[in-house]
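Chemist: requesting a structural model of the entry that follows:
(chains A and B)
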Amino acid sequence: MELTAGNLLELFLYSASMWWVIIPAVFIGIIMGAIPGFAAHNTIIMLLPLTLAFEADIALTFMVALYCASHLGGGVPAILLNIPGTGGAAATTLDGYPMSRKGLASRALALSFVASILAGLITSALTLFVLPYLSQVGFYIRSVEMVVVMLFGLALIAAIAAQDMIKGLIAGAFGLMLGAMGADHIYATPRGTFGILELFDGIPLVPALIGLFAISEALIMLEEKSIAAGHSKSVTPSWREALHNIGDAFKHWFLIIWTSVLGLVIGVMPGAGASIAAFVAYQQARVFSKTPEKFGTGHEQGVVAPEAANNGVTTGTLVPLLAIGIPGGSTAAVMMIVLQFHGVPFGPRLFMQNPMLAYGVIMSMFVAYIFMLITLFPLTRYLSRITIVANYYMAPTIVAFTLVGAFVPRSFIADLTIAVGFGLIGYVARKTGYHVAAILIGVILGPLLERSFLLSMRISGGDPMIFFSSNIGNVLWVLLFAMLLASPVLKLLKKRRSKGDIY
Amino acid sequence: MTKRLITRAPGLIGRRSFLRTSGAAVAATGLGGFTGVRKAFAQDYPSRNIDIVIPTGEGGGADRDARAFTSVWGKHLNTNFQFGYFPGAAGQVGYEFYMDREPDAYSLLFANLGPEIIMLALQDTGIEVGRDIVFIQQTLSEPMAVWVGPNSPIRTLEELVELGRSRPITVATSRLPHPASIGMLALGEAMGMEIVLVPYGGGNPTAMAAITQETDCAALPVTNTIVLDDQAHVLGLFADENVAPEGTDNAPTVNDALGTSIPELTSSRAWGVHRAAYDAHPDRIAALVESMEATLADPDYTAAVEAAGVPTVFIDPGDEARAMASAAATTELARRYRDLLTGS
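Modeler: Numbering: from 1, shown residues only, chains lettered A, B, ... in the order given. Just a heads-up that it's a prediction; the model follows:
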């Protein structure tokens, strides 16, 4: 079906008429996204009886708006409390939280909101026009290419390790080791589970994330009065300053564009997701930055890149479902259930039988981001005040909320124990100078890398040359090595320049 | 564009009804909350919601089929259903968690009598069908299919066999302990082909592997291919006859096309209960079975299955004896191919 200007306008107006669905969904999404464990797909599952009772287009609009908003919401606690609401916001903690510590929480939130909303608008608009072409990306990404994509994400461990090479690499290797726990991907043989059934499916991401970030952070918090102690004046900006922060965030427009498109492309790849996109985007932004040494210290680009990427993913994840009929992630899988329940076909048949519903999903996303634009910016002024609340109130509140979040995805009591265990690991890691983000990267990407690696090796009959057998894979390898070499080479050139050796 | 994107089905909520209901709800809450809203049940059983354990992830075939069933079952059993998803270790996690539940007939297992029975036969779970779990009602049954993506150069079973005689054939499969995997191993054995099974851990990623041609072909329950429409080209079915020719490119059965005698390989959905509940609460089991049979006979269930994209010819009601016999036959097959499926 050709999308004409008239069709687009009609779709836009129809989606906008769903304000009564979008606005509650946005607020639910932001709140749930900000509480680790609730995220989009768990919230959508909890609300499934409600969404199944709605008509399909209303239900889809609700789910899409909630999904987008939860990705945006995940960045809020990452910035304010060093606790990512979703795996996709883990990279945001690296620079977002240091900004809060400096009393720049409001500015960091403005950066996060602008990056997220612009990324959502750009990628959903782009998807509307290039959906048929974008869906082709999924056809060219196989296990071999996924191995290289995962290595792009793992390269962030090396970046984190740059501050203390030995400790960074140990933390990353520890995370990879933890990620290897669970049943193996081929024969389903349990490994390193100590007979604990709850670990058969691997280390559960949400309890690990909650432990490493939230619980360990709550323990650290108790040692200080408040997060932004000594910066209480700058924490609560005037309206003028808040608007100025928002305006300044638009200066990063170019970074937002390319990292959001990167997120979109990674989102289209089945099996990839917001975490990978955010890690890769952060790492790439660092490589191409003029000031890479500032990353990790509260650098604005370090907030913008992962937030733009993880919101770019939201559109991308829906592409395989809409174009091929195969969900690209867990949230898309739940959406598929709703489509099936209503008897709406998906994949190519959706475009043949109900094209306006297919494009309507993407337009709903676009409109949801516009609603967020209007409703969320004032929050940058008020949310930042959390950082001056006394820690003896904040710490127990964080532990209580996040432990509920640890329980929600699987409803296992054991997940509370896992969260507390990871909390202690995280606390010891922080006190001894090991980076918890490096551990988390290993936990998230390790199993995905192993799966793609094993599938490739099984297909090739054990021949490792399969990893260099595809043109796209080879291009990605070259880019990976170029990226890994770029950082030290640029550093060397800069050093020589400063010494006056070369010009 | 039409005013509405899709036609409204009766009983679904639209904007006006949502706003009207929300307003009423807010008003009611303001006046002291809901009173008398909770439905009073005349029967003793079920007096609360039924928990449904699904040993795979959300959004998969089991989720689809269970929801289609419960969407109609609720009106015959007069209760609501809560779903829990417990994927992992080829279904072992779900079964072990199910066994830990209270055996009171308020927890039911929505089982797949193909892959999950093979898993129980091959993995050290300590769970035995019959001794620990009883399958009280079969709902659906579908054959396994071997298929390729739309751009694959392989168009027939004969071409697949010809290729397989010159090099190993890679087959995407959901998991090793699966009837489709057994079918491909049996096919390889019969035709002198080396089959390399590549388990992708779920129907969706398996389908993607065939569509992208990462593997030569895929082997899955046939509904997966029907749902994919023209993204899948079915080469053959491990069945005695093709009962859904329209959705499967009128594919032949493997035995008809190649002259083999591979047994019919199916994946049947069935409701399971704890043996302890079965023995301790015969009245509850009778209520469950009676309402399940009424659901299976209800035209609304046929409509729900059709709406979910599953051909209604796969609705295959079967009583306890039939479901247990199906499980026993699958166990026998799993034992026969144990070495190949476990890599030992």
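Chemist: residue contacts, whichever residue of the stretch 101-250 of chain A sits closest to chain B?
Modeler: As assessed by C-beta to the nearest C-beta, chain B sits closest to residue A:201 within the stretch 101-250 of chain A, at 3.1 Å. From N, CA and C alone the C-beta is placed, and that goes for glycine too. By C-beta atoms under 8 Å, 6 or more residues apart in numbering or on different chains, the contact set of residue A:201 is A:182-183, B:87-89, B:93.
Chemist: dump the residues you listed into a markdown table; add distance to residue B:294, neighbour count and pLDDT as well.
Modeler: Converted to a markdown table, the contacts of residue A:201 look like this (distance: C-beta to C-beta, whole Å; neighbours: other C-beta atoms under 10 Å in any protein chain shown; pLDDT from 0 to 100):
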| residue | distance to residue B:294 | neighbour count | pLDDT |
| --- | --- | --- | --- |
| A:182 | 41 | 23 | 89 |
| A:183 | 39 | 22 | 85 |
| B:87 | 31 | 21 | 83 |
| B:88 | 34 | 26 | 80 |
| B:89 | 35 | 26 | 79 |
| B:93 | 32 | 25 | 87 |
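Chemist: re the thing from before, so the residue of the stretch 101-250 of chain A closest to chain B: helix, strand or coil?
Modeler: coil (DSSP: H, G, I helix; E, B strand; the rest coil).
Chemist: with residue B:271 instead?
Modeler: When classified by three-state DSSP, residue B:271 comes out as strand.
Chemist: need the nearest residue in space to it, chain neighbours excluded.
Modeler: residue B:137 (4.9 Å; C-beta to C-beta, 6 or more residues apart in numbering or on different chains).
Chemist: what does the one you found show for phi and psi?
Modeler: Dihedral pair for residue B:137: phi -160, psi 130, per degrees, to the nearest 10.
Chemist: please apply the same query to residue A:323.
Modeler: The phi and psi torsions at residue A:323 (degrees, to the nearest 10) take the values phi -90, psi -30.
Chemist: report pLDDT for it.
Modeler: Model confidence at residue A:323, given as pLDDT, is 76.
Chemist: one more: residue A:232?
Modeler: For residue A:232, the predicted pLDDT is 57.
Chemist: so which pair among the contacts of residue A:201 is furthest apart in space?
Modeler: A:182 and B:87 (11.3 Å; C-beta to C-beta).
Chemist: just give the closest residue to the residue in chain B that chain A sits nearest to, not the sequence neighbours.
Modeler: Per C-beta to the nearest C-beta, residue B:59 is where chain B lies closest to chain A, at 2.6 Å. Closest residue to residue B:59 apart from its sequence neighbours, by C-beta to C-beta, 6+ apart: residue A:333 at 2.6 Å.
Chemist: ok, now how distant is residue A:247 from residue A:304?
Modeler: 14 Å (C-beta to C-beta, to the nearest Å).
Chemist: which one of these two is surrounded by more residues?
Modeler: In terms of neighbours (other C-beta atoms under 10 Å in any protein chain shown), residue A:304 is the more surrounded of residue A:247 and residue A:304; the figures are 31 against 11.
Chemist: now the one helix or strand that one maps to: average pLDDT?
Modeler: Using DSSP states H and E, residue A:304 maps to helix A:301-319. Helix A:301-319 shows a mean pLDDT of 90.
Chemist: can you tell me which of the contacts of residue A:201 is nearest residue A:429?
Modeler: The closest of the contacts of residue A:201, once distances to residue A:429 are taken by C-beta to C-beta, is residue A:182, at 21.7 Å.
Chemist: got the contact list for the closest residue to that closest one other than its chain neighbours?
Modeler: Closest residue in space to residue A:182, ignoring its immediate chain neighbours: residue A:202 at 3.2 Å, by C-beta to C-beta, 6+ apart. By C-beta under 8 Å, 6+ apart, the residues touching residue A:202 are A:179, A:181-183, A:447, B:88.
Chemist: just to revisit the earlier point, could I get the contacts of residue A:201 as CSV with secondary structure?
Modeler: Output for these, formatted as CSV (three-state DSSP):
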residue, secondary structure
A:182, strand
A:183, strand
B:87, coil
B:88, coil
B:89, helix
B:93, helix
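Chemist: tabulate the residues you listed (CSV), appending distance to residue A:265.
Modeler: Shown next, in CSV, are these (distance: C-beta to C-beta, whole Å):
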residue, distance to residue A:265
A:182, 29
A:183, 31
B:87, 28
B:88, 30
B:89, 33
B:93, 33
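Chemist: per-residue confidence for the residue of the stretch 101-250 of chain A closest to chain B?
Modeler: 84.
Chemist: who's residue B:83 bridged to?
Modeler: Here residue B:83 sits in beta bridges with residue B:52, going by DSSP bridges.
Chemist: give me the number of residues near it?
Modeler: Residue B:83: 17 surrounding residues under other C-beta under 10 Å.
Chemist: where in chain B is pLDDT low?
Modeler: For chain B, applying pLDDT under 70 flags the ranges B:1-43, B:343-344.
Chemist: how much space separates the residue nearest in space to the middle of it from residue B:218?
Modeler: Centroid-nearest residue in chain B: residue B:62, 3.9 Å away (criterion: C-alpha atoms, centre = their mean). Applying C-beta to C-beta, the value for residue B:62 to residue B:218 is 18 Å.
Chemist: kindly report the same for residue B:265.
Modeler: Using C-beta to C-beta, residue B:265 is found at 14 Å from residue B:218.
Chemist: those two: who's more crowded?
Modeler: Comparing residue B:265 with residue B:218 by other C-beta under 10 Å, the one with more neighbours is residue B:218, at 31 against 25.
Chemist: is the more buried one part of a helix or strand, or is it coil?
Modeler: Three-state call for residue B:218 (three-state DSSP): strand.
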